[in-house]
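# Any chance you can model this:
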Amino acid sequence: TVQAWNNGVMLGSTQSDSDGYFSLSVPAGPVQILAQMQGYQEYRSHSMILPRMVDSDRIMMVPSLPEGAAAIVLVWDKVIPDMDLHMTTPWGCNVDWTTLTCTNPSGPGKAHLDRDDVYGGGPETQTIDEPSPGIFQVFVHRYSSGDILLSRAEVYVFQSDGRMFRFSLVDGDGAVSGDDGDIWTVCDIDGETGNVVSYDNSRKILSLSEGGAVTVPEITNFPTQKLSVTFWVLDTGDNMGTPFSYAAGEEASEFVLTNVKSFNVCVKGACVATNIGVNDGAWHHVGLTWDASGSPAAGLGNTVLYVDGNPVWTGDAGVGQALVAGGTAVIGNIQTAVGTIGGAPTGLVGEIADFELLGRQLTAVEMQRAMLTHVTPEVAGLILGFPMTQGDDDVSELKDVSTTGKNGVLSATGVIIAAPGFSGTSQLKPPTF
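Predicted coordinates for the structure are as follows:
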């Protein structure tokens with residue numbers, strides 16, 4: 001069954017034919033494609049459909065996976081006839097067309113190649129049957145001659161808990177290397193946590209310990225009526241850590257998302273409890289949308305909290321309350337007055353990646369797209385954008401890629417911009433889904 005959705009509303013549903021083909025007519029706008037089949041993992045993708053546009057979507061369906069298992073799928077354009085999927089295991093064995101199965105000789109761990117396609121296009125698939133501690137690294141080898149970029153290769157990672165991650169060579173995910181650019185290193189899969197991380201030597205994370213925060217002062221174009229905040233976060237503390245706060249005028253809590261144990265949304269000092277937390281020591285994508293007018297998002301309420309792409313709480317916060325522009329934003333703590341950072345009880349201890357503030361209310365489909373992609377300057381309505389792709393010699397402040405051009409100021413202690421997996425608060429890496 002193939003369905004098209006937009007912001008919680010089903011636009012159409014159909015069945016694929018015996019050859020797997022399907023067709024749906026939908027109105028222009030953002031569309032989520034959802035495919036389901038008994039005995040298989042659910043598939044989701046996202047498209048922006050323009051008027052009179054014809055779009056094609058290749059659906060990947062993998063058999064249902066046992067707990068902890070993962071499936072990796074490679075597809076590409078046939079202009080490069082033969083591309084090979086490889087995966088190095090934590091115990092040093094490489095799964096590929098020459099070694100179909102790798103089993104850990106000294107503990108748990110097994111992975112195998114399901115299908116090798118030599119005629120072009122794929123799919124070529126591998127499965128981690130039994131995870132083990134350490135990193136499974138996925139890479140692609142261009143076996144046939146030609147420019148690897150012409151292959152337009154994509155890799156999908158399906159997790160047993162229903163998560164699906166997509167990596168695109170065209171979108172710049174991963175890194176191309178080799179003597180003649182024949183290797184595409186795609187991603188790392190953590191065998192213990194299941195976190196999936198795009199391989200990117202330049203991408204960094206914001207690491208926060210006690211007293212650490214980033215301040216962005218005098219945001220004259222701060223949204224007053226509608227906004228969205230999205231970011232990846234890993235919390236390693238045991239306090240009421242605050243990912244984001246905005247203070248303006250005489251109000252220290254003009255707009256705040258605080259307490260990762262159980263998020264509170266505060267507008268002009270009035271807070272609403274969500275009873276949703278993300279302090280389990282794992283990476284999560286968090287998104288919050290808000291509309292001062294009280295207009296519900298698909299009947300959900302004027303405020304929607306998303307975790308890992310899914311709406312997990314809806315309610316009303318600050319209905320009819322226009323925010324004041326020109327104030328100060330802080331990543332990592334509350335403010336007790338404009339620009340005055342709070343103490344340790346409300347300081348976030350952990351890591352943040354891919355932070356963005358937008359002057360509009362994202363739809364559910366757009367929030368899922370934010371989870372699957374990095375922050376880029378082209379995002380519509382971007383007020384602050386911190387992709388953290390700074391060089392090692394340029395980490396004295398947090399670089400803003402939006403047209404606002406407001407770089408974040410790092411506090412004197414407790415915060416660094418570092419490569420994923422640095423020797424510091426955490427050895428985990430930020431997922432880029």
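# and R44, how many neighbours does it have?
When counting by other Cβ atoms under 10 Å, one arrives at 19 neighbours for R44. In short, each C-beta sits where N, CA and C put it, glycine included.
# if I've got this straight, it is in a helix?
No - under DSSP: H, G, I helix; E, B strand; the rest coil, R44 falls outside any helix and is assigned strand.
# Please identify the helix or strand for the closest residue to it other than its chain neighbours.
Leaving out its chain neighbours, the residue that sits closest to R44 by Cβ to Cβ, 6 or more residues apart in numbering is L34, at 5.6 Å. Counting by DSSP states H and E, the element that carries L34 is strand 29-35.
# Same question for that strand: list its buried residues.
Going by neighbour count (16 or more other Cβ atoms under 10 Å), the buried part of strand 29-35 is P30, V31, Q32, I33, L34, A35.
# for the second one, what are its contacts?
If a contact means Cβ atoms under 8 Å, 6 or more residues apart in numbering, then V31 has A4, W5, N6, L11, H46, S47, M48, I49, V365 as its contacts.
# Go through those and flag which are in helices.
Using DSSP state H, the subset of the contacts of V31 located in helices is V365.
# Distance to A248 and pLDDT added to the contacts of V31, as JSON lines?
Listed next are the contacts of V31 as JSON lines, based on distance: Cβ to Cβ, whole Å; pLDDT from 0 to 100:
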{"residue": "A4", "distance to A248": "41", "pLDDT": "88"}
{"residue": "W5", "distance to A248": "37", "pLDDT": "84"}
{"residue": "N6", "distance to A248": "34", "pLDDT": "77"}
{"residue": "L11", "distance to A248": "39", "pLDDT": "90"}
{"residue": "H46", "distance to A248": "34", "pLDDT": "73"}
{"residue": "S47", "distance to A248": "37", "pLDDT": "75"}
{"residue": "M48", "distance to A248": "33", "pLDDT": "76"}
{"residue": "I49", "distance to A248": "38", "pLDDT": "83"}
{"residue": "V365", "distance to A248": "31", "pLDDT": "77"}
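# Can I get the buried part of the contacts of V31 as one ChimeraX selection?
Buried members of the contacts of V31, identified by 16+ other Cβ under 10 Å, are gathered into one ChimeraX selection as follows:
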select :4,5,6,11,46,47,49,365
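# which of the contacts of V31 lies closest to Q390?
H46 (28.0 Å; Cβ to Cβ).
# where's the nearest residue to that closest one once chain neighbours are set aside, which helix or strand?
Nearest-residue entry for H46: R369, 4.9 Å, with adjacent residues in sequence omitted and distances by Cβ to Cβ, 6+ apart. Using DSSP H and E, the element containing R369 is helix 364-372.
# Show me what the helix or strand just after that helix pairs with in its sheet, parallel or antiparallel.
Sequence-wise, the next helix or strand downstream of helix 364-372 (DSSP H and E) is strand 382-386. Using DSSP bridges, strand 382-386 pairs in its sheet with strand 350-358 (antiparallel).
# Return the helix or strand in this protein with minimum mean pLDDT.
Across the helices and strands of the chain, the lowest-confidence element by mean pLDDT, DSSP states H and E is strand 196-198, at a mean of 72.
# Beyond that strand, next helix or strand please.
strand 205-208.
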